[in-house]
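In: I would like the atomic coordinates for the input below:
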Amino acid sequence: MSLPQTQPPHPPTGVWGTLTITLAIQSMVAMALLSLPVIASEVAPQLGVAVSWVGGYVALAYVAAMLSSLGSGALVKRFGAIRASQLGLLACAAGLALSAVPHVGVMALGALAVGMGYGPITPASSHLLAQSTPPHRMALVFSLKQTGVPLGGLLAGASVPGLSLWLGWSGALLAVAAVSVVLAGVAQPLRAALDADRQPHARLGGAALSEPVRLVLGEPTLARLAACSFVFSATQLALTAYLSTFLTHDLGVGLVLAGLWLSWAQTGGVLGRVAWGYVADRWLGPRWTLIGLALLMAACALATANLQMSWPLWAIGVLLVAFGASAVGWNGVYLSEVARQAPTGLASMATGGTLAITFMGNVFGPTAFGWLGAQVGHFRLGYALLAAPILVCALLLWRTPALGGLARRGGS
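Out: Residues are numbered from 1 along each chain as shown. As a prediction, this is how the structure comes out:
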């Protein structure tokens, strides 16, 4: 897709201005998605359900995210990436408000609304960053933007448990919703410049929803990346959505301390996303970077399955930071390569198509992980079993040499 003659080759805000607003929005929607899961052990008894119900909440959110991501390319084309992001923020706020109602059915609707808001955010930001980022900085810039996901999780883990003690769990969710609405307003002054390439008469729905998946399945490298993202995303959710519950339910850790330890893992994810983007751009390329992350992810999953409170505090800290750095840190390198592999002008569509498959991992992963935990009465076995499919992904990436070759050409 060529830009209109009146549109400069890069967004007027430049790569760093574009990165700043997309990072803020990504952080906010990630915080919205994880706000309820981090206090699940407090909420579940009041609803009369098992703590494993959080897997159903997260799965519902990602079902909605999967569907909305399929339509994100058409949404961005018609309304612009900033408007699509604003709509996502408002949907997340509405979902949090519904999730604050102590009724399982209403909270399920809240999960769907949060997911509908979450889905378009990454394709919208990929559209903006693909226009503004030089090819030799793609992995680093996309990784910096994707630090918004663990940063949002870090904010959720560090603040929502404390807010729930002060305002009650419903009040904590409403507070996060209010911040999401404010950020949607903050983004409005940027819309005229960043949404100048929108096409008001572009179609929505129908065939536009199937185009992203057809695009991905028709490109073997994109299809392999998407398949690996299914497993990686399931692992990421096993960490971010269940670590707090695993620590409180299986190991007897207090809620606030469990939230703090989750924030350690999220901090590892923030640092990892930046580091892996730099490593992929400068040294290893995306192929070997993703293979290394898969191996580290598998090792950390096995170690978490054997975690004991008798371990030294430093050892627990190293494990959780490393698990976060790998299981949360892979996305930026992955998304930059999706944008680079996409046909010219179709970065948001390719991202939406691959994310639909990524979100399937988010849907089935937490559901299976929670179901297994309910069956055996603990979450250790679930963490141990994750290692096998992760290692299969490492093998699949090893057999995809095109990734490394394209990285060294610098996206030319």
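
In: helices or strands next to the helix or strand that contains L98 in the packing?
Out: Per DSSP states H and E, L98 falls inside helix 81-99. If you count contacts as 3 or more C-beta pairs under 8 Å, 6 or more residues apart in numbering; DSSP states H and E, helix 81-99 packs onto helix 14-35, helix 72-79, helix 104-118, helix 121-132, helix 148-187, helix 191-194. Yep, even glycine has a C-beta here, placed from its N, CA and C like the rest.

In: Now mean pLDDT too, for those helices, in TSV please.
Out: Converted to TSV, the helices and strands packed on helix 81-99 look like this (pLDDT from 0 to 100):
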stretch	mean pLDDT
helix 14-35	90
helix 72-79	86
helix 104-118	95
helix 121-132	86
helix 148-187	92
helix 191-194	88
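
In: can you tell which of those is closest to L293?
Out: helix 148-187 (13.8 Å; C-beta to C-beta).

In: Buried residues of that closest one, list them for me.
Out: Using 16 or more other C-beta atoms under 10 Å as the test for burial, helix 148-187 gives 148-161, 163-164, 169-170, 172-177, 179-181, 183-184, 187.

In: re the thing from before, mind checking the helices and strands packed on helix 81-99 for the one nearest to D250?
Out: helix 148-187 (17.4 Å).

In: Hey, what's the angle from that closest one to helix 121-132? Just curious.
Out: 80 degrees (axes from the mean of the first three to the mean of the last three C-alpha atoms, to 10 degrees).

In: what's the angle from helix 148-187 to helix 81-99?
Out: 110 degrees.

In: Quick check: which helices or strands does helix 148-187 pack against?
Out: helix 14-35, helix 40-47, helix 81-99, helix 255-279.

In: quick one, which of those helices is packed in tightest?
Out: helix 81-99 (a mean of 26; mean count of other C-beta atoms under 10 Å).

In: ok, now which ones touch the residue nearest the centre of the chain?
Out: Nearest to the mean C-alpha position of the chain, by C-alpha atoms, centre = their mean, lies V149 at 5.2 Å. With contacts defined as C-beta atoms under 8 Å, 6 or more residues apart in numbering, V149 is in contact with 26-27, 30, 269, 273, 328, 331.

In: Turn the residues you listed into CSV, columns for distance to S263.
Out: What follows is the contacts of V149, written out as CSV (distance: C-beta to C-beta, whole Å):
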residue, distance to S263
Q26, 17
S27, 13
A30, 13
G269, 10
R273, 15
V328, 12
N331, 18
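
In: Out of these, which is nearest to S125?
Out: Q26 (6.4 Å).

In: Contacts only, for the closest residue to the closest one other than its chain neighbours.
Out: Take Q26 and drop its neighbours on the chain: the residue closest to it by C-beta to C-beta, 6 or more residues apart in numbering is G148, 2.9 Å away. Taking C-beta under 8 Å, 6+ apart, we find G148 in contact with 22-28, 30.

In: Return the member of the contacts of V149 nearest to F230.
Out: N331 (13.0 Å).

In: Which stretches in the stretch 201-350 of the chain count as helices?
Out: 207-217, 220-240, 243-245, 255-279, 285-305, 313-327, 331-341, 347-376 (DSSP state H, counting those that start in this stretch).

In: if I look at L355, how far off is P212?
Out: Remark: distance between L355 and P212 (C-beta to C-beta, to the nearest Å) = 8 Å.

In: ok, the closest residue to A347 other than its chain neighbours - contacts?
Out: Once flanking residues are discounted, A347 sits nearest to A130: 3.9 Å by C-beta to C-beta, 6+ apart. Applying C-beta under 8 Å, 6+ apart to A130 gives the contacts 339, 342, 347-348.

In: So which of the residues you listed wins on neighbours?
Out: Ranked by neighbour count (other C-beta atoms under 10 Å), those have S348 at the top, with 29 neighbours.

In: Quickly note the distance from it to P220.
Out: With distances taken as C-beta to C-beta, S348 is found 21 Å from P220.

In: Can you get me a residue count around the closest residue to A234 other than its chain neighbours?
Out: Leaving out its chain neighbours, the residue that sits closest to A234 by C-beta to C-beta, 6+ apart is G365, at 2.6 Å. Residues lying near G365 (other C-beta under 10 Å) number 28.

In: Secondary structure element holding the nearest residue to L335 once chain neighbours are set aside?
Out: Take L335 and drop its neighbours on the chain: the residue closest to it by C-beta to C-beta, 6+ apart is F142, 5.0 Å away. Using DSSP H and E, F142 sits in helix 138-146.

In: sorry, back to before: confidence-wise, which of the helices of the stretch 201-350 of the chain is weakest overall?
Out: For these, the weakest mean pLDDT is recorded on helix 207-217, namely a mean of 80.

In: How far does it sit from its chain's centre?
Out: Averaging C-alpha positions (C-alpha atoms, centre = their mean, to the nearest Å) puts helix 207-217 21 Å from its chain's average.

In: That one - contacts with which helices or strands?
Out: Secondary elements touching helix 207-217 (3+ C-beta pairs under 8 Å, 6+ apart): helix 54-70, helix 72-79, helix 220-240, helix 347-376.

In: residues of the third one that come out buried?
Out: When burial is assessed from 16+ other C-beta under 10 Å, helix 220-240 yields the following buried residues: 221-222, 224-240.

In: What of the longest one?
Out: For helix 347-376, the neighbour count (16+ other C-beta under 10 Å) marks 347-370, 372-373 as buried.

In: Following element in sequence after it, please.
Out: Using DSSP H and E, the helix or strand that follows helix 347-376 in sequence is helix 380-385.

In: then that next one to PDB, C-alphas only?
Out: Taking Å, rounded to 0.1, in the frame of the first residue of the first chain, the C-alpha atoms of helix 380-385 are listed here in PDB:
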ATOM      1  CA  ARG A 380       3.800 -28.000  39.100                       C
ATOM      2  CA  LEU A 381       3.000 -30.600  36.500                       C
ATOM      3  CA  GLY A 382       1.700 -28.000  34.200                       C
ATOM      4  CA  TYR A 383       4.900 -26.000  34.200                       C
ATOM      5  CA  ALA A 384       6.900 -29.200  33.700                       C
ATOM      6  CA  LEU A 385       4.900 -30.300  30.700                       C
END
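
In: pLDDT of that helix, averaged?
Out: According to the model, helix 380-385 has a mean pLDDT of 94.

In: contact partners of that helix?
Out: Against helix 380-385 from outside (C-beta under 8 Å, 6+ apart): 238, 242, 246, 250, 301-302, 304-306, 368-369, 372-373.

In: Kind regards, and thank you for your time.
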